[in-house]
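In: Sequence first, predicted coordinates after that:
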Amino acid sequence: MPNPKAVALKESIETAMDDITSFTAVVDAHGEAGSGATPAVIRMKAEFKGSRLLAMEMKGGEGSDYLHCLFVDDAAYYETGQGTDLYLKMSADSENPEVRKAFGELMAELEKQSDVFGVGFLLVSRDLIGYTTKDEQGRNTTKYTFDADLSAIQASGLSAEDADMAANLSAMRAFGAPSIPVVIWVDEDGRMFRHSFLLPTAKGTMTVTTTLTNLNKPVTVQAPDPEQITNG
């Protein structure tokens, strides 16, 4: 049974973030010393209208082999190889059925990646502690720490989004971790602007931190130039 305090916190964060229509984010993953885990940075920006994704750009940074991916004007453009400057255009009306199928799969993944506000960890939290502190700009913020209990997951009782989070947590159990420590930061308006957790992997433990900035500020995503586009 989820902790009522944690459920209330989850709901309050989600309510506070309902009005967010755009953001930029940095996902920073790095392993503990000597773990052999490859560090990576992924940068993204997105714009929404309600629950509908209007535009998104994701690009791997330092240490990442994540390719450049864009979504704009109901079409996705996926870099065909690292640094090639060639993009495969995919859309729901592509003539090639394989491209249409790939577009559907890519959109499902983009929708999942865009849900950086996911706070499903709270549904399996224990030892939830919150305290007031300051962020890097000296603004008041509340920092919450807790352990996500991987053995407590009951995906059947969760929403679709939370069930996906639960499935990811369940997969972590394969590496023998009964729980993972999680930290979330909430601003004065009740919006989560950063979350961090320890991710067990085959190569050791990684710390994954997602930081949101530029909430509700204009986002510009442009399709590649025509000469860079291939239709597959």
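Out: Looks like it came in fine.
In: Check which helices and strands the top helix by length along the chain is in contact with.
Out: Criterion DSSP state H: the longest helix present in the chain is helix 97-114. Judged by 3 or more Cβ pairs under 8 Å, 6 or more residues apart in numbering; DSSP states H and E, the packing partners of helix 97-114 are strand 40-49, strand 52-60, strand 69-72, strand 75-79, strand 87-91. To be clear about C-beta, it is placed using only N, CA and C from the backbone, and glycine gets the same treatment.
In: would JSON lines of the ones you listed with mean neighbour count be doable?
Out: Converted to JSON lines, these look like this (neighbours: other Cβ atoms under 10 Å):
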{"stretch": "strand 40-49", "mean neighbour count": "18"}
{"stretch": "strand 52-60", "mean neighbour count": "17"}
{"stretch": "strand 69-72", "mean neighbour count": "21"}
{"stretch": "strand 75-79", "mean neighbour count": "20"}
{"stretch": "strand 87-91", "mean neighbour count": "20"}
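In: now the ones you listed in JSON lines, with distance to residue 15 and mean pLDDT?
Out: JSON lines is the format used below for the helices and strands packed on helix 97-114 (distance: least, Cβ to Cβ, whole Å; pLDDT from 0 to 100):
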{"stretch": "strand 40-49", "distance to residue 15": "16", "mean pLDDT": "87"}
{"stretch": "strand 52-60", "distance to residue 15": "19", "mean pLDDT": "86"}
{"stretch": "strand 69-72", "distance to residue 15": "27", "mean pLDDT": "90"}
{"stretch": "strand 75-79", "distance to residue 15": "31", "mean pLDDT": "88"}
{"stretch": "strand 87-91", "distance to residue 15": "34", "mean pLDDT": "89"}
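In: what's downstream of the longest helix of the chain, the next helix or strand?
Out: strand 125-134 (DSSP states H and E).
In: Distance from that next one to the middle of the chain?
Out: In terms of Cα atoms, centre = their mean, to the nearest Å, the centre of strand 125-134 is found 21 Å from the chain centre.
In: what does that strand rub up against?
Out: Outside strand 125-134, the residues that touch it by Cβ atoms under 8 Å, 6 or more residues apart in numbering are 2-3, 5-6, 9, 122, 140-149, 152, 179, 182.
In: before we move on, what about stretch 44-51?
Out: 20-27, 53-59, 113-114, 116, 214, 219, 221.
In: one more time with 6 Å, if that's ok
Out: With Cβ atoms under 6 Å, 6 or more residues apart in numbering as the test, stretch 44-51 has contacts from 21-22, 24-25, 54-58, 114, 219.
In: Tell me how far the residue nearest to residue 197 when sequence neighbours are not counted lies from residue 88.
Out: Nearest residue to residue 197, sequence neighbours excluded (Cβ to Cβ, 6 or more residues apart in numbering): residue 182, at 4.4 Å. The gap separating residue 182 from residue 88 is 36 Å, by Cβ to Cβ, to the nearest Å.
In: give me the number of residues near residue 225?
Out: 9 (other Cβ atoms under 10 Å).
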